[in-house]
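Mind folding the following:
(chains A and B)
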Number of protein chains: 2
Amino acid sequence: MVYELYYWPSIQGRGEFVRLCLEEAGATYVDVAREGKAGAGMARLMRLLKGQGDPRPPYAPPFLKAGRLVIGQTANILMFLGPRLALAPKDEAGRLWANQLQLTVTDFVAEVHDTHHPIASGLYYQDQKKEARRRTSDFLQNRAPKFLGYFESVLSRNPRGDRYLIGAKLSYVDLSLFQIIAGMSYAFPNYMTKIVRRHRRLFSLHAQVQERPRIAAYLASQRRIAFNEDGIFRHYPELDVGVS
Amino acid sequence: MVYELYYWPSIQGRGEFVRLCLEEAGATYVDVAREGKAGAGMARLMRLLKGQGDPRPPYAPPFLKAGRLVIGQTANILMFLGPRLALAPKDEAGRLWANQLQLTVTDFVAEVHDTHHPIASGLYYQDQKKEARRRTSDFLQNRAPKFLGYFESVLSRNPRGDRYLIGAKLSYVDLSLFQIIAGMSYAFPNYMTKIVRRHRRLFSLHAQVQERPRIAAYLASQRRIAFNEDGIFRHYPELDVGVS
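Residues are numbered from 1 along each chain as shown, chains lettered A, B, ... in the order given. Predicted structure coming up:
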């Protein structure tokens, strides 16, 4: 199976959670919008997104084409890929738990995005800078600790040890948590330095995923888009203020 | 099977999407936090939420107890209940599509919530009223039309007719869309009146779900909590401004 991933070509964004799975599994895939000359891939993405004919159109990228299936929504794509790439538990209870954790990742990602876009995603950051400062302050003080503390406690409660979130094997949720820690460390380096001690398991998960051979090769390749100020995790030094 | 639903006792909130399924299916369930004297049910909810012993703790309500399983995240609960209550397609492609639509509902619900809480969910509306006005204006102008237009087009493209979102049978996604239209009509009556003409299928879905015998009985009962200004859909007249 050759998977086709459709996502914006110049940011990691939500597509990155899918890329990390495909890369870790050594799957064969095409990152469609980054292929072809003169934006040919991007034109294909837009055609599928606006496709009048498709009875099951995706609302937004990322979406994945797998044979005749077109699957949208990041957590849904991961739920589909998980068992196929051996990155999900095999039993129903385990899969529900993986999906539950991934949906909590989804909530966290939406809140990270809104730190720099609290008023309107269609406006520039510059047009909502004051509000962004206020929202980010609350985010770092109240929301990030709640989410990160939760995931740290999930690691600590795993009956099979604190190396992975679920059982004794890597799952797609671990890859997503790696991305969360990487992104937060890019966006809020001061903040993240301060919370390392209270989240040792999460940071150790990040370090360990980073060193997996296929992930390490991916991160060093051109396929990994660098973090930047068009994505979800943005580094605006004025927002990365200290938290008491 | 007696299902136990755990959700805040005084709002519809995200728990309502689960309640609607249980009610439509005539399932036996306990709305735990609303049971018992002197907040006994609420104490049970808090115990499960903070339960130090549980290796798979939910992040937040709603969560559902089904036998020994404790399942969190609304869309995950619905994915679990769907096939069991005959409210989901039977084939894998159909279930993925239902889940994909439900996750788009989830995104929409989060944006509706943030219209009155654009800065911090922990602050009062009064403390972010100016920002709420700005965010809601963008929401009604740009975001709501995109989401509602999408769901309208999904209805119009359904090869089995525009009565349901998926195939020729009611699914949990239809019940969620009913709730979206009901909630938006409560929160933004002026706005919704203006867009009826362009979203005839969605409004007709709402009307039709409302008249299903079990749903009608539920809506007329004490079990249906009224919309109020503590929930997701809040009616603040100053936010329900006309859109050109």
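
and the helix or strand harbouring residue A:47, what does it pack onto?
Residue A:47 is located in helix A:40-50, with elements delineated by DSSP states H and E. If contacts are counted by 3 or more C-beta pairs under 8 Å, 6 or more residues apart in numbering or on different chains; DSSP states H and E, helix A:40-50 sits against strand A:3-6. Heads up, the C-betas are built off the backbone N, CA and C, glycines and all.

Touching the strand it packs on from outside, list them.
A:15, A:18-19, A:22, A:27-33, A:44-45, A:48-49, A:58, A:61-66, A:81 (C-beta atoms under 8 Å, 6 or more residues apart in numbering or on different chains).

which of the residues you listed are buried?
A:15, A:18-19, A:22, A:29-33, A:44-45, A:48-49, A:58, A:61-66, A:81 (16 or more other C-beta atoms under 10 Å in any protein chain shown).

Which of these fall in strands?
Using DSSP state E, A:29-31, A:63-66 are the members of those that sit in strands.

between those residues, which is closest to chain B?
residue A:63 (8.8 Å; C-beta to the nearest C-beta).

tell me which residues in the helix ranked longest in chain A are buried?
Ordering each helix of chain A by length in residues (DSSP state H) puts helix A:92-116 first. By neighbour count with 16+ other C-beta under 10 Å, helix A:92-116 contains the buried residues A:94-116.

Now do that helix: which elements does it pack against?
helix A:74-84, helix A:129-138, helix A:144-157, helix A:172-187, strand B:69-72, helix B:74-84, helix B:92-116.

For the ones you listed, give me JSON lines that also has mean pLDDT and distance to residue B:161.
Shown next, in JSON lines, are the helices and strands packed on helix A:92-116 (pLDDT from 0 to 100; distance: least, C-beta to C-beta, whole Å):
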{"stretch": "helix A:74-84", "mean pLDDT": "98", "distance to residue B:161": "24"}
{"stretch": "helix A:129-138", "mean pLDDT": "97", "distance to residue B:161": "43"}
{"stretch": "helix A:144-157", "mean pLDDT": "97", "distance to residue B:161": "42"}
{"stretch": "helix A:172-187", "mean pLDDT": "98", "distance to residue B:161": "36"}
{"stretch": "strand B:69-72", "mean pLDDT": "96", "distance to residue B:161": "32"}
{"stretch": "helix B:74-84", "mean pLDDT": "98", "distance to residue B:161": "20"}
{"stretch": "helix B:92-116", "mean pLDDT": "98", "distance to residue B:161": "15"}
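
just to revisit the earlier point, what's the distance between the longest helix of chain A and the middle of its chain?
Taking C-alpha atoms, centre = their mean, to the nearest Å, one finds helix A:92-116 lying 9 Å from the centre of the chain it belongs to.

Stretch A:223-235 too?
11 Å.

So residue A:160: helix, strand or coil?
Assigned by DSSP: H, G, I helix; E, B strand; the rest coil, the conformation of residue A:160 is coil.

measure it to residue A:131 for me?
Residue A:160 sits 43 Å away from residue A:131, going by C-beta to C-beta, to the nearest Å.

now swap in residue A:112 and tell me
Taken as C-beta to C-beta, the span from residue A:112 to residue A:131 is 15 Å.

per-domain residue ranges of chain A.
A:3-84, A:92-224+A:231-239 (automatic domain parsing).

List the contacts of the closest residue to residue A:36 other than its chain neighbours.
Nearest residue to residue A:36, sequence neighbours excluded (C-beta to C-beta, 6 or more residues apart in numbering or on different chains): residue A:44, at 7.7 Å. By C-beta under 8 Å, 6+ apart, residue A:44 lies in contact with A:6, A:32-33, A:36.

And residue A:9, by the same measure?
Counting by C-beta under 8 Å, 6+ apart, residue A:9 touches A:31, A:33-34, A:41-42.

run the last query once more with 7 Å
Going by C-beta atoms under 7 Å, 6 or more residues apart in numbering or on different chains, residue A:9 touches A:33-34, A:42.

Could you look up the SS state of the most far-flung residue of chain A relative to its centre?
Ranked by distance from the centre of chain A (C-alpha atoms, centre = their mean), the top residue is residue A:53, with 29.9 Å. When classified by three-state DSSP, residue A:53 comes out as coil.

sorry, back to before: more neighbours: which of residue A:160 and residue A:131?
residue A:131 (22 against 11; other C-beta atoms under 10 Å in any protein chain shown).

Which helix or strand contains the spatially closest residue to the more buried one that is not a sequence neighbour?
Closest residue to residue A:131 apart from its sequence neighbours, by C-beta to C-beta, 6+ apart: residue A:118 at 4.6 Å. Under the criterion DSSP H and E, no helix or strand holds residue A:118.

Isn't residue A:118 up against residue A:133?
No: in this structure, residue A:118 is not within contact of residue A:133 by C-beta atoms under 7 Å, at 9.4 Å.

Tell me the spacing between residue A:196 and residue A:186.
For residue A:196, the distance to residue A:186 equals 15 Å [C-beta to C-beta].

okay, those two: which has more neighbours?
residue A:186 (17 against 11).

The closest residue to that one other than its chain neighbours: what secondary structure?
For residue A:186, ignoring the flanking residues on the chain, the nearest one in space by C-beta to C-beta, 6+ apart is residue A:227 at 4.3 Å. The three-state label given to residue A:227 by three-state DSSP is coil.

ok now do residue A:227, which residues does it touch?
Contacts of residue A:227 (C-beta under 7 Å, 6+ apart): A:12, A:183, A:186, A:233.

Next, the contact list for the third one, please.
Taking C-beta under 7 Å, 6+ apart, we find residue A:186 in contact with A:227, A:233, A:235.

which parts of chain A sit against chain B?
Residues of chain A lying close to chain B (C-beta under 7 Å from any C-beta of the partner chain) are A:55-56, A:59, A:69, A:71-73, A:75-76, A:80, A:93, A:96-97, A:99-100, A:103-104, A:110, A:118-120, A:122, A:131, A:134-135, A:138, A:142, A:150, A:157-159.

Type out the PyMOL command that picks the buried ones from those.
Buried subset of the residues of chain A next to chain B, written as a PyMOL selection, criterion 16+ other C-beta under 10 Å:
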select buried, chain A and resi 56+59+71+72+73+75+76+80+96+97+99+100+103+104+110+118+119+120+131+134+135+138+150+158
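
Which secondary structure state is assigned to the residue nearest to residue A:225 when sequence neighbours are not counted?
Leaving aside its sequence neighbours, residue A:225 sits nearest to residue A:12 (C-beta to C-beta, 6+ apart; 5.3 Å). Three-state call for residue A:12 (three-state DSSP): coil.

Could you check how far residue A:167 is from chain B?
11 Å (C-beta to the nearest C-beta, to the nearest Å).

quick one: contacts of the longest helix of chain A?
A:14, A:74-75, A:78-79, A:82, A:88-89, A:125, A:132, A:135-136, A:139, A:143, A:147, A:154, A:165-167, A:171-173, A:176, A:180, A:232-234, A:236, A:239, B:56, B:59, B:69, B:71-73, B:75-76, B:80, B:110.
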